[in-house]
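>>> build me a structure from this.
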Amino acid sequence: MTLITLQKQHLRIRLKKDAIAFDRGTKMIWDKKICSHILKLHNYKIAHILALFIPLGSEPDIWLVIRDAWDRRKVVAVPRIEGKELVLKKIIGEKDLETGPYRIRQPKPHQPIVPSSSIQLVFVPGIAFDKKGYRLGFGKGYYDRLMKTIDTAKIGVCYGFQLVDELPQNSRDVKVDGVVTEERYVDSIPGINTT
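Below is the predicted model of the structure:
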């Protein structure tokens with residue numbers, strides 16, 4: 001096991017504890033603020049085909065964004081685990097979801113595939129992000145492999161305490177272009193988005 005791998009594991013343990021430590025009321029307030037920031041993003045407003053995520057318990061709840069995208073008749077694609085890869089599939093309602101590996105809600109197998117090449121904006125969850133755009137996930141590499149196939153703006157979504165100065169990284173890590181927290185939108189690549 002490499003030093004970087006050990007550093008990442010230590011950070012995962014610490015930040016997961018922090019993520020479950022704050023109360024439900026605070027989480028709901030922060031979730032609304034995060035969604036409000038996303039809905040104001042210029043890139044969100046102009047994108048027609050979005051890759052979003054179905055939040056796990058400790059991740060920011062972005063269902064308000066998903067419903068807004070449906071209301072605006074945007075295509076909502078969310079990941080489904082197939083083998084060692086994430087495949088983006090279109091959903092038009094919660095009825096299109098089932099519980100998959102790791103208790104993640106994901107599209108049912110028959111939902112239509114949305115090609116990575118058609119995605120216009122990606123929102124990515126993470127245990128942490130740094131100010132250069134590097135992401136700390138759960139360690140399986142699913143999102144890094146997916147993001148390598150998508151050539152468009154990638155936006156991380158997390159709480160303010162999960163945005164750190166610097167994360168350990170290796171050659172497999174894929175950077176995001178910006179990060180949304182309850183406090184603000186942070187450009188990792190200046191100029192990628194204007195509100």
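>>> just the element for the most centrally placed residue in the chain, please.
Nearest to the geometric centre of the chain sits residue 124, at 1.7 Å (CA atoms, centre = their mean). Counting by DSSP states H and E, the element that carries residue 124 is strand 121-125.
>>> now that strand: average pLDDT?
On average, the pLDDT along strand 121-125 is 96.
>>> so what strands line up beside whatever helix or strand comes next after it?
Downstream of strand 121-125, the next assigned helix or strand under DSSP H and E is strand 128-130. Using DSSP bridges, the strands paired with strand 128-130 are strand 135-136 (antiparallel), strand 163-164 (parallel).
>>> could I have stretch 35-50 exported to CSV, CA atoms only?
What follows is stretch 35-50, C-alpha atoms only, in CSV (Å, rounded to 0.1, in the frame of the first residue of the first chain):
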residue,chain,number,x,y,z
CYS,A,35,-29.0,23.5,-4.5
SER,A,36,-29.6,27.3,-4.7
HIS,A,37,-26.0,27.8,-5.8
ILE,A,38,-26.3,25.1,-8.5
LEU,A,39,-29.5,26.5,-9.9
LYS,A,40,-27.8,29.9,-10.3
LEU,A,41,-24.8,28.5,-12.2
HIS,A,42,-24.7,29.7,-15.8
ASN,A,43,-23.5,26.3,-17.0
TYR,A,44,-26.5,24.6,-15.3
LYS,A,45,-28.9,27.1,-16.9
ILE,A,46,-27.6,26.4,-20.5
ALA,A,47,-27.0,22.7,-20.3
HIS,A,48,-29.7,20.4,-21.7
ILE,A,49,-28.1,17.0,-20.8
LEU,A,50,-26.9,16.7,-17.3
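>>> for that stretch, buried residues please.
Neighbour-count burial for stretch 35-50, counted by 16 or more other CB atoms under 10 Å, picks out 35, 37, 38, 41, 43, 44, 47, 49, 50. Bear in mind the C-beta positions are built from the backbone N, C-alpha and C, glycine included.
>>> how far does stretch 124-132 sit from its chain's centre?
Remark: stretch 124-132 is offset 9 Å from the chain centroid, using CA atoms, centre = their mean, to the nearest Å.
>>> same check on stretch 149-159?
Taking CA atoms, centre = their mean, one finds stretch 149-159 lying 7 Å from the centre of the chain it belongs to.
>>> export only the CA atoms of it, formatted as PDB.
Extracted as PDB, the C-alpha positions of stretch 149-159 are listed here (Å, rounded to 0.1, in the frame of the first residue of the first chain):
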ATOM      1  CA  THR A 149     -14.800   9.600 -20.700                       C
ATOM      2  CA  ILE A 150     -16.600  12.900 -20.400                       C
ATOM      3  CA  ASP A 151     -15.100  16.000 -22.100                       C
ATOM      4  CA  THR A 152     -17.200  18.800 -20.400                       C
ATOM      5  CA  ALA A 153     -17.300  20.900 -17.200                       C
ATOM      6  CA  LYS A 154     -17.200  18.800 -14.100                       C
ATOM      7  CA  ILE A 155     -18.500  20.300 -10.800                       C
ATOM      8  CA  GLY A 156     -17.900  18.800  -7.400                       C
ATOM      9  CA  VAL A 157     -20.600  19.000  -4.800                       C
ATOM     10  CA  CYS A 158     -19.800  18.900  -1.000                       C
ATOM     11  CA  TYR A 159     -20.100  20.700   2.300                       C
END
